[in-house]
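Chemist: when you get a sec, could you give me coordinates for this:
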Amino acid sequence: MTPARVTGTPGRTRVLVAGGGITGIAAAHRLRELLGPDAEIIVAEQSMRLGGKIRTVDFAGRPVEAGAESLLAARPEAIDLARAVGLGDALVHPSGLKPALSLGGELVDFPAGHMMGIPGDPADVAAIANAKERPDTGLPILGPGQDLSVGELVRARLGDDVLDRLVAPMLAGVYAGDVDRLSVRAVMPQLAAALEHHARLTEAVQEIKRPATGKPVFATVDGGLERLVTATSAAARAEIRLGMTVRELRQTAAGWEVVTGPVPDPVKVTADAVLLAVPAKPAADLLRAVAPEAAAALSGVAYASVALAAFAFDRIELPERSGFLTPASEGKTVKAATFASKKWPHLGRRRQIVRVSMGRLGEEALLQHDDATLAKTALRELGEHLGQRLPEPVEQRIDRWGGALPQYAPGHNARVAAAREALARHRGIAVAGAAVDGVGIAACIASGRAAADQIAASLPPVTEK
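Modeler: Numbers count the residues shown, from 1 in each chain. Purely as a prediction, here's the structure:
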């Protein structure tokens, strides 16, 4: 192998961020805030674009999301970042239309008063699911540190009907996951905390349900979410290296040596600190020689793959809803659909735009079908859900997201804590991203910023010149 070339500017604080998704870009932005204008911040991204699962495309003459669709406005991180990088005036909110459930070929209202499909009152879901709450024992459902799968919790406390018709479709829409393999503490941390002092599941849900404030829960950026990536990257003033694979980490007395680039022509980057904002497997591979305990904890995170179909129609009538979710028991490939032009008024209604989601954990073979087959299946099933024969779309596209959504098995939080405890024994390294801290743009931004705080705290203080 050719000897590695060494890059870096002597005498400057240098941090390498591995991963150019929103986690890595948000981390770079926070590092710039903390380390000042003289720090050298490098973002190494294996692909030829920034943004990760955020991708905006021109579709039917409008900017439409081909990946992540929206920001969670109910928590502050994404909204605060958008405002900080000059996009506050570009934030827009959905119409307020409600989602539906597709049951037996009909779209029915998704019940109100739930937390990820778990009702606070069984009567609220009586029209859809037979909720039989198990008599409580007087003891809290969860002990300190105890974890359960969502499936085990809901099935035992409210029955299969609530799990299959309400909770599973909701979690399939968010995680593409199996409810029997998703951790309550990881996917519903507030509920898990409440379960430590409640003997009834519905009482715990009632405690944490947010009172209606009238404020929108979601938001997006007019012009597309990629604007957030671009603006944050510009504000971070980082050195962006696209097509750069991080292959190996070596800890040195002075910091870190990072082997990057193609195997025949490696480039060695010296850095004071390294922030890993990559999926679980590459993070584990990089850490195996440095912190094997951390690598072992991360290597067990599984991922689900999904495919998205987008259709643009002329002259069709869509229900006055934001979209629908489909229980797996309906036997459909389509698990969810968003009526984008109904949900997002800024897209306009000259043409109706629908996004269709397919794929759950274990259905990876679905992504092997060609675009025409996936589009045909999605279009046929969409018509079945809507109860109408749909015309040929004026435009359509398929986007595949292999290994897109991490799956948080019971005990995930404890494993992540163990990984971070192992990393804490090594100065100047941190992990962040959906693999460890949850899916969603806001969660990824929070994770990246927290890791940046940790990195900055491990470095010598910045001195004013």
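Chemist: would you mind giving the domain segments of this protein?
Modeler: Taking automatic domain parsing as the reference, the chain has its domains at 5-53+227-301+408-458, 70-97+303-407, 114-208.
Chemist: distance of residue 317 relative to residue 349?
Modeler: Taking Cβ to Cβ, to the nearest Å as the measure, residue 317 falls 11 Å from residue 349. Heads up, the C-betas are built off the backbone N, CA and C, glycines and all.
Chemist: also residue 273?
Modeler: In terms of Cβ to Cβ, residue 273 sits 49 Å off from residue 349.
Chemist: neighbour count: those two, which is higher?
Modeler: residue 273 (23 against 10; other Cβ atoms under 10 Å).
Chemist: check contacts around that one.
Modeler: 15, 16, 255, 256, 427, 428, 429, 430, 455, 458, 459 (Cβ atoms under 8 Å, 6 or more residues apart in numbering).
Chemist: now, among the residues you listed, which is nearest to residue 166?
Modeler: Proximity of those to residue 166 (Cβ to Cβ) peaks at residue 430, which lies at 37.2 Å.
Chemist: may I ask you to confirm that that closest one belongs to a helix?
Modeler: No - under DSSP: H, G, I helix; E, B strand; the rest coil, residue 430 sits outside any helix and is assigned strand.
Chemist: and it, what does it touch?
Modeler: By Cβ under 8 Å, 6+ apart, the neighbours of residue 430 are 273, 274, 275, 276, 423, 451, 452, 454, 455.
Chemist: one more pass at 10 Å, please.
Modeler: The contact partners of residue 430, by Cβ atoms under 10 Å, 6 or more residues apart in numbering, come to 15, 17, 27, 273-277, 420, 423-424, 436, 447-448, 450-455, 457-458.
Chemist: tally of neighbours for the nearest residue to it once chain neighbours are set aside?
Modeler: Excluding its sequence neighbours, the residue lying closest to residue 430 (Cβ to Cβ, 6 or more residues apart in numbering) is residue 451, at 4.1 Å. For residue 451, the neighbour count with other Cβ under 10 Å is 28.
Chemist: isn't residue 451 up against residue 437?
Modeler: Yes - judged on Cβ atoms under 10 Å, residue 451 makes contact with residue 437 at a distance of 8.9 Å.
Chemist: residue 280 is in contact with residue 431, correct?
Modeler: Yes - Residue 431 is within contact range of residue 280, at 9.1 Å (criterion: Cβ under 10 Å).
Chemist: more neighbours: which of those two?
Modeler: Ranked by neighbour count (other Cβ under 10 Å), residue 431 and residue 280 place residue 431 first, with 30 against 24.
Chemist: for the more buried one, list each beta-bridge partner.
Modeler: On the basis of DSSP bridges, residue 431 is bridged to residue 276.
Chemist: so how far is residue 54 from it?
Modeler: 20 Å.
Chemist: and for residue 42?
Modeler: In terms of Cβ to Cβ, residue 42 sits 21 Å off from residue 54.
Chemist: ranges for the strands of the stretch 351-465 of the chain?
Modeler: Secondary structure of the stretch 351-465 of the chain (DSSP state E, counting those that start in this stretch): strands at 352-358, 395-407, 429-431.
Chemist: so how far is the longest one from its chain's centroid?
Modeler: Centroid separation for strand 395-407 versus its chain: 12 Å, with Cα atoms, centre = their mean, to the nearest Å.
Chemist: need the overlap of contacts for residue 451 and residue 437.
Modeler: Common contacts of residue 451 and residue 437, defined by Cβ under 10 Å, 6+ apart, comprise 23, 431.
Chemist: name the element residue 286 belongs to?
Modeler: For residue 286, the host element (DSSP states H and E) is helix 280-287.
Chemist: between that helix and strand 395-407, how many degrees?
Modeler: 50 degrees (axes from the mean of the first three to the mean of the last three Cα atoms, to 10 degrees).
Chemist: restricting to C-alpha, output helix 280-287 in CSV.
Modeler: Below are the C-alpha coordinates for helix 280-287, written out as CSV (Å, rounded to 0.1, in the frame of the first residue of the first chain):
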residue,chain,number,x,y,z
ALA,A,280,-23.9,2.0,13.7
LYS,A,281,-21.9,-0.5,11.7
PRO,A,282,-19.2,1.9,10.3
ALA,A,283,-19.0,3.5,13.8
ALA,A,284,-18.4,0.1,15.3
ASP,A,285,-15.8,-0.9,12.7
LEU,A,286,-13.9,2.3,13.3
LEU,A,287,-14.0,1.9,17.1
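Chemist: what average pLDDT does it get?
Modeler: Computed over helix 280-287, the mean pLDDT rounds to 98.
Chemist: where does the stretch 351-465 of the chain dip in pLDDT?
Modeler: Residues of the stretch 351-465 of the chain meeting the criterion pLDDT under 70: 462-465.
Chemist: same list, the strands of the stretch 351-465 of the chain, but as a markdown table with distance to residue 22 please.
Modeler: Listed next are the strands of the stretch 351-465 of the chain as a markdown table, based on distance: least, Cβ to Cβ, whole Å:
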| stretch | distance to residue 22 |
| --- | --- |
| strand 352-358 | 19 |
| strand 395-407 | 13 |
| strand 429-431 | 15 |
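Chemist: comparing these, which comes out most buried?
Modeler: strand 429-431 (a mean of 28; mean count of other Cβ atoms under 10 Å).
Chemist: so how far is that one off the chain centroid?
Modeler: 19 Å.
Chemist: how about stretch 350-364?
Modeler: 16 Å.
Chemist: just the helices in the stretch 251-400 of the chain please.
Modeler: For the stretch 251-400 of the chain, the helices defined by DSSP state H, counting those that start in this stretch cover 280-287, 292-299, 340-343, 371-386.
Chemist: what residues of the strand or helix carrying residue 241 count as buried?
Modeler: Using DSSP H and E, residue 241 maps to strand 239-242. Neighbour-count burial for strand 239-242, counted by 16 or more other Cβ atoms under 10 Å, picks out 240, 241.
Chemist: how about stretch 219-238?
Modeler: With burial defined by 16+ other Cβ under 10 Å, the residues of stretch 219-238 counted as buried are 219-221, 224-233, 235-236, 238.
Chemist: kindly report the same for stretch 251-260.
Modeler: Buried residues in stretch 251-260, counting neighbours by 16+ other Cβ under 10 Å, are found at 251, 255, 256, 257, 258, 259, 260.
Chemist: same question for stretch 335-347.
Modeler: Of the residues in stretch 335-347, 335, 336, 337, 338, 339, 340, 341, 342, 343, 344, 346, 347 count as buried by neighbour count, 16+ other Cβ under 10 Å.
Chemist: which pair in these spans the largest distance?
Modeler: Maximum distance among these (Cβ to Cβ): 25.9 Å, for 335 and 346.
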